[in-house]
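In: Sequence and computational prediction follow.
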Protein chains: 4
Amino acid sequence: MPNEKGPDHSRRKERSRQAILAATRALVAEEAYEKVTVEAIAARAGVGKQTIYRRWPSKSAIVFAALLALSEDTDGQSVALPDTGDLEADLKLVMRATAEEFADPSFDRLIRALNTEISNDAALAAEYREKLVQPLEAAKKARLRSAQDAGQLDADADLDLVLEVLYAPLFQRWLHRSGPLSATYADSLVDVTLRAFGP
Amino acid sequence: MPNEKGPDHSRRKERSRQAILAATRALVAEEAYEKVTVEAIAARAGVGKQTIYRRWPSKSAIVFAALLALSEDTDGQSVALPDTGDLEADLKLVMRATAEEFADPSFDRLIRALNTEISNDAALAAEYREKLVQPLEAAKKARLRSAQDAGQLDADADLDLVLEVLYAPLFQRWLHRSGPLSATYADSLVDVTLRAFGP
Amino acid sequence: MPNEKGPDHSRRKERSRQAILAATRALVAEEAYEKVTVEAIAARAGVGKQTIYRRWPSKSAIVFAALLALSEDTDGQSVALPDTGDLEADLKLVMRATAEEFADPSFDRLIRALNTEISNDAALAAEYREKLVQPLEAAKKARLRSAQDAGQLDADADLDLVLEVLYAPLFQRWLHRSGPLSATYADSLVDVTLRAFGP
Amino acid sequence: MPNEKGPDHSRRKERSRQAILAATRALVAEEAYEKVTVEAIAARAGVGKQTIYRRWPSKSAIVFAALLALSEDTDGQSVALPDTGDLEADLKLVMRATAEEFADPSFDRLIRALNTEISNDAALAAEYREKLVQPLEAAKKARLRSAQDAGQLDADADLDLVLEVLYAPLFQRWLHRSGPLSATYADSLVDVTLRAFGP
DNA sequence: AAGTAAGCGAGACGGTACGTCATGTCTTGCG
DNA sequence: CGCAAGACATGACGTACCGTCTCGCTTACTT
């Protein structure tokens, strides 16, 4: 039995909440992050500033929640990676898709904003890891473990390390804009990883 | 030919320039980056705000210049990596040193500030690559090329890719605080890289 | 003819009404008027804000109603001034009492609040005159008329003017804090008035 | 020798100060006082809000300063009342002028605002008395003293009281809108006063 | 005694203005 | 003449109230 004293305003709450998160995503996607103001979010969402500050303590937290909500929508489906039995093919598929994703300008701005926030706020970083990264990593590790069982990957390999070798170069290239995120590049990361951790 | 009309104010200029950069480094090292204000820098440096804005167009640029100046001081010495002939040993030495560096809190804040700026400003990112990253990468590649000549590394390996596999995982761990930056970890990155790109 | 559909909730209505007016008086008496908020009144009265706005259109109106209610309680008794036959003695009694009243701090704040409102809102001023001032003035004029009949006051005197000469100096001194509201002062106002309007 | 360390920015200061005071007077004259916002004053004056808050702590203080400045402009000339030797004629002239002044709508709003402030802030009231009221009262008393010397006024009369009897009824009528401020009314106040305090 | 509907407390909401803070520009007089 | 000092216009911040709007719950009357 829930211990809720007051009346239930959940319908209004939910409506304004969604309006705020949608407005935030729209603004972050279309402008530089520092130019996104809480006032602009409120105006775009058709909401008073106080309604925002009642729920979130800072712009970081709003942006974070906005992105979090985005992925929570698609939770059920996306947590499993393809497993055709061919590890190399499966990984290349995923890595090419990831590389393409980073190339989308509005996605780019969203993720840069997110990275800026979590880089400068350890608490947000922890929440980010727990809610977004870990579920995804669990799915990836499941695929790798299946590959280990099939003898396509060193059975003793540290899967965290495998994932880092696979993804970190792509991430760093994107963050520092230090090179093209081509399909070829995605493929070579898979090749390198398999050479390093192959049986 | 220098302008010989007036007195030589270059000494004052240089003195105030150094004071500003030092004050910036001190402030960025001791506080969260967003809390560092131009006014605080001016006050700490004993300088008028206009003297800062006359030289740099934005806070990003000041911070960037402050860090740039830091590494320019040690340019001559640091551009060469050790080359004992033992690639694995040399790399482990360097990687362990790098991992330790990231653990220093004031260095941590400086580099996080820098990363935030270059992640959100492509022009700064380009300058950063040109002035700081490329000289360092050139030195690293020189060491790798020496290893290729010695037959310790695949002669066809893409050295940019080698460097990414070596450094990007460490960088990502630090940025996202997703794991310890231990000597053991530094060593395994070298091991992985050598397995992937060994002859 | 009353609407006979529903039950009569007048008891609840009356109770909350009184609670609101009492809370308003208490707050206005104990704090600066601008710091009295509708929210505070509602909280103090243990009442929802809507219950207030259902009855009154503005804070002014509430405060006004609160003071109005205060004097309506004592209506029956207070509308007659003493008439001992000695005009001077009677007026001095009343004027001294008035002067003392203004000295009471909580009364002071209430009346200042009221004056602020009616000074800036002509409609409220009209209502104030009709409901509070005129009954009182009627009583005062009755006493003066009795004095005229007794030959103690010029039979042609404009009684409105007499009352102004008698009361306005006291009121202005209080409003502008431009001098003490002593019994001596009250007495001299009576003396002046009688000299001006005596037979 | 003044103890002023920094450079003298008095020209800019004075320009913005005058702009603020003028804008304040304009706004208070054209709208209800509660609807005058600091933001509107700043906008109208072409000035930042901070420039206002750097000088004055509250809206009251600005409005007060604005009105104060208004009368300080005309200080030199206005401090003397006419003295033709005919007290009654001189006073009627002044009282009629005063009554007319109160009828001007923009003056009305300004003075109502001022009265609201000084009624609710004792410190402001004191400053108001010192800077505006007392010089004026001194001038009025000088005229009355001249009348005493000429035997047109009781030599023992308390001049403060005389002034109150003369002006307070007019002021109260205006504040409470309790009657017309006609020339006839102005005249009767003079008549009453002379009857009360005549020789 | 149970049913019913008006009124209520609670408090979230869209807004407006507040007073503060940092930015980047402009001005003045000192050194 | 260049600089420190700092005032300035601008614009976002986060807070406080405003007056409006639901939401169950309470209450007083009806059946």
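Out: Nice, I can see it.

In: got the residues of chain A near DNA strand F?
Out: Where chain A comes near DNA strand F, counting by Cβ under 7 Å from any atom of the strand, the residues are A:7-9, A:11-12, A:37-40, A:48-50, A:53, A:58-59. In this view, the C-beta of every residue, glycine as well, is placed from N, C-alpha and C.

In: Buried subset of those residues as a ChimeraX selection?
Out: Buried subset of the residues of chain A next to DNA strand F, written as a ChimeraX selection, criterion 16 or more other Cβ atoms under 10 Å in any protein chain shown:
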select /A:38,59
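
In: Closest one to chain D out of the residues of chain A next to DNA strand F, please.
Out: Of all the residues of chain A next to DNA strand F, chain D sits closest to residue A:39, with 14.2 Å by Cβ to the nearest Cβ.

In: Tell me who's in contact with the residue lying closest to the closest one once chain neighbours are set aside.
Out: Distances taken as Cβ to Cβ, 6 or more residues apart in numbering or on different chains place residue A:49 nearest to residue A:39, at 6.5 Å, with adjacent residues excluded. If a contact means Cβ atoms under 8 Å, 6 or more residues apart in numbering or on different chains, then residue A:49 has A:38-39, A:42 as its contacts.

In: can you list the weak-confidence ranges in chain A?
Out: Residues of chain A meeting the criterion pLDDT under 70: A:1-9, A:73-78.

In: sorry, back to before: sort out which one of the contacts of residue A:49 lies nearest DNA strand E for me.
Out: residue A:42 (7.4 Å; Cβ to the nearest atom of the strand).

In: Just to check, the closest one is in contact with residue A:48?
Out: Yes: counting by Cβ atoms under 8 Å, residue A:48 is a contact partner of residue A:42 at 6.3 Å.

In: is the longest helix seen in chain A anywhere near DNA strand E?
Out: Criterion DSSP state H: the longest helix present in chain A is helix A:10-30. Yes: Helix A:10-30 is in contact with DNA strand E by Cβ under 7 Å from any atom of the strand, via A:12-13, A:16-17, A:19.

In: Now tabulate those in JSON lines and tack on distance to chain B.
Out: Output for the residues of helix A:10-30 next to DNA strand E, formatted as JSON lines (distance: Cβ to the nearest Cβ, whole Å):
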{"residue": "A:12", "distance to chain B": "33"}
{"residue": "A:13", "distance to chain B": "30"}
{"residue": "A:16", "distance to chain B": "27"}
{"residue": "A:17", "distance to chain B": "26"}
{"residue": "A:19", "distance to chain B": "26"}
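
In: Emit the ChimeraX select command for whichever of those residues are buried.
Out: To isolate in ChimeraX the members of the residues of helix A:10-30 next to DNA strand E that are buried, counting by 16+ other Cβ under 10 Å, one can use:
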select /A:16,17,19
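
In: ok, so what distance separates the residue nearest the centre of chain A from residue A:174?
Out: For chain A, the residue sitting closest to the mean C-alpha position, by Cα atoms, centre = their mean, is residue A:132 at 5.8 Å. Per Cβ to Cβ, to the nearest Å, residue A:132 is found 17 Å from residue A:174.

In: And for residue A:64?
Out: Residue A:64 is 19 Å from residue A:174, by Cβ to Cβ.

In: List the buried residues in the helix or strand harbouring residue A:96.
Out: Secondary structure from DSSP states H and E places residue A:96 in helix A:87-103. Judged by neighbour count using 16+ other Cβ under 10 Å, the buried positions of helix A:87-103 are A:87, A:90-96, A:98-99.

In: Turn these into CSV, including distance to chain D.
Out: Formatted as CSV, the buried residues of helix A:87-103 follow (distance: Cβ to the nearest Cβ, whole Å):
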residue, distance to chain D
A:87, 63
A:90, 60
A:91, 58
A:92, 58
A:93, 57
A:94, 54
A:95, 53
A:96, 53
A:98, 48
A:99, 48
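
In: re the thing from before, burial count for the closest residue to the residue nearest to the centre of chain A other than its chain neighbours?
Out: Among residues not flanking residue A:132 along the chain, residue A:71 sits closest, at 5.9 Å (Cβ to Cβ, 6+ apart). By the criterion of other Cβ atoms under 10 Å in any protein chain shown, residue A:71 has 13 neighbours.

In: tell me the secondary structure for residue A:71?
Out: helix (DSSP: H, G, I helix; E, B strand; the rest coil).

In: And the nearest residue to residue A:62 once chain neighbours are set aside, how far from chain D?
Out: With Cβ to Cβ, 6+ apart as the criterion, residue A:62 has its nearest non-adjacent residue at 4.6 Å, and that residue is residue A:56. Per Cβ to the nearest Cβ, to the nearest Å, residue A:56 is found 26 Å from chain D.

In: wait, residue A:56 sits on residue A:63?
Out: No: with contacts counted by Cβ under 8 Å, residue A:56 stays clear of residue A:63, the gap being 9.2 Å.

In: Looking at those two, which has the bigger crowd around it?
Out: residue A:63 (25 against 17).

In: quick one: contacts for the more buried one?
Out: A:24, A:28, A:33, A:36, A:113-114, A:117.

In: For residue A:134, the count of nearby residues, please.
Out: 13.
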